[in-house]
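Q: please work out how this folds:
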Amino acid sequence: MGTASRTRENLEVQRSDHTTIRYTASGPAGGPVLALIHGWACDRGDFDAVTDHLPGDHRVLAIDLAEHGESRSTRDVWTIEEFARDVAAVLEAESVDTCVVAGHSLGGAVAVEAGRLLPDTVSHVVALDALHYLSLFPAQSEERTEAVARVFRQDFPAAVRGLVEGGSPAGTATALTDAYVEKMVAVRQPAGLRSIEGLVHWDMDAALRETKQPITVFAVRDLVTREAVDRYGARFDIVLVDLGSHHFPVEAPEGTAKLLAGVVGTR
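A: From the prediction side, this is the model:
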């Protein structure tokens with residue numbers, strides 16, 4: 001695996017609607033490319049330690065989605081499809097011919113859409129504890145969608161805490177949960193609220209029908225339901241992991257890097 005001596009370059013690409021997407025590139029330009037997409041209300045820094053543990057020959061692109069981390073935008077569209085265009089803009093700027101796209105949480109949905117958008121470029125989609133949550137990812141009824149959005153509109157901090165606690169298996173340290181809540185509550189608005197609305201409006205089943213790449217889901221064992229396995233087990237490969245909470249890429253970077261390198265190495 002890699003070492004902590006990776007040289008990083010912080011770059012940016014301009015899109016329309018005054019959108020500047022910032023990303024970090026490391027590793028040789030000619031190496032196997034891995035694009036990393038953070039979760040909702042998080043940022044590309046979540047992958048710093050993961051990147052350090054990846055093989056040195058990998059070209060790693062860690063991307064801040066619009067209005068997350070250091071990326072900025074004045075756009076009005078906050079759909080999963082539009083986030084995928086942020087990723088596509090980086091891959092185009094980097095002249096990427098083929099790559100694996102891996103996303104955590106909401107980023108897993110964005111990775112699927114990136115695969116649908118770039119069928120000849122994205123060779124494999126990886127979801128890090130994403131896609132299997134039946135209350136968030138498959139398209140919800142209008143009533144359910146509005147109910148979820150209302151919770152976030154009425155008491156954003158409480159809704160964020162509920163989300164974090166729902167992704168925390170028994171035994172997760174309270175200090176860890178509190179740290180995630182504090183970070184995520186600070187997401188830039190209105191993008192934070194609008195993007196969670198975009199997630200519950202996303203038609204995952206339609207996206208999966210039009211995404212031809214293999215999809216691997218690394219899912220926290222204690223958070224996966226039999227219903228989810230029964231519904232999606234034939235469409236994507238669900239690999240159960242014991243690396244921590246929903247935010248395991250932060251908690252177990254070396255283990256996460258090993259999982260990712262295994263996928264990149266088999267493309």
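Q: what's the offset of stretch 61-76 from the middle of its chain?
A: 13 Å (C-alpha atoms, centre = their mean, to the nearest Å).
Q: okay, buried residues for that stretch please.
A: Buried residues in stretch 61-76, counted by 16 or more other C-beta atoms under 10 Å: 61-69, 71-73, 75. Heads up, the C-betas are built off the backbone N, CA and C, glycines and all.
Q: in this protein, what residue spans correspond to helices?
A: Taking DSSP state H as the test, the helices found in the chain are 48-52, 80-93, 106-117, 142-154, 156-166, 174-185, 191-201, 204-209, 226-232, 248-251, 253-264.
Q: got a list of contacts for the fifth one?
A: Applying C-beta atoms under 8 Å, 6 or more residues apart in numbering, the contact partners of helix 156-166 are 41, 151-152, 177, 180-181, 184-185, 192-193, 246.
Q: can you state the direction angle for that helix and helix 191-201?
A: 50 degrees (axes from the mean of the first three to the mean of the last three C-alpha atoms, to 10 degrees).
Q: show me what counts as buried in helix 156-166.
A: Here helix 156-166 shows 156, 159-161, 163-164 as buried, counting by 16+ other C-beta under 10 Å.
Q: before we move on, what about the last one?
A: Applying a neighbour-count criterion of 16+ other C-beta under 10 Å, the buried positions in helix 253-264 are 253, 255-257, 259-261, 263-264.
Q: low-confidence ranges in this structure?
A: Scanning the chain for pLDDT under 70 picks out 1-5, 266-267.
Q: tell me the centre residue of it?
A: Gly107 (2.0 Å; C-alpha atoms, centre = their mean).
Q: that one and Val126 touch, don't they?
A: No - contact criterion C-beta atoms under 8 Å: Gly107 and Val126 do not qualify, at 9.9 Å.
Q: sorry, back to before: just the buried ones from the contacts of helix 156-166?
A: Here, 16+ other C-beta under 10 Å leaves 41, 152, 177, 180-181, 184-185, 192-193, 246 buried among the contacts of helix 156-166.
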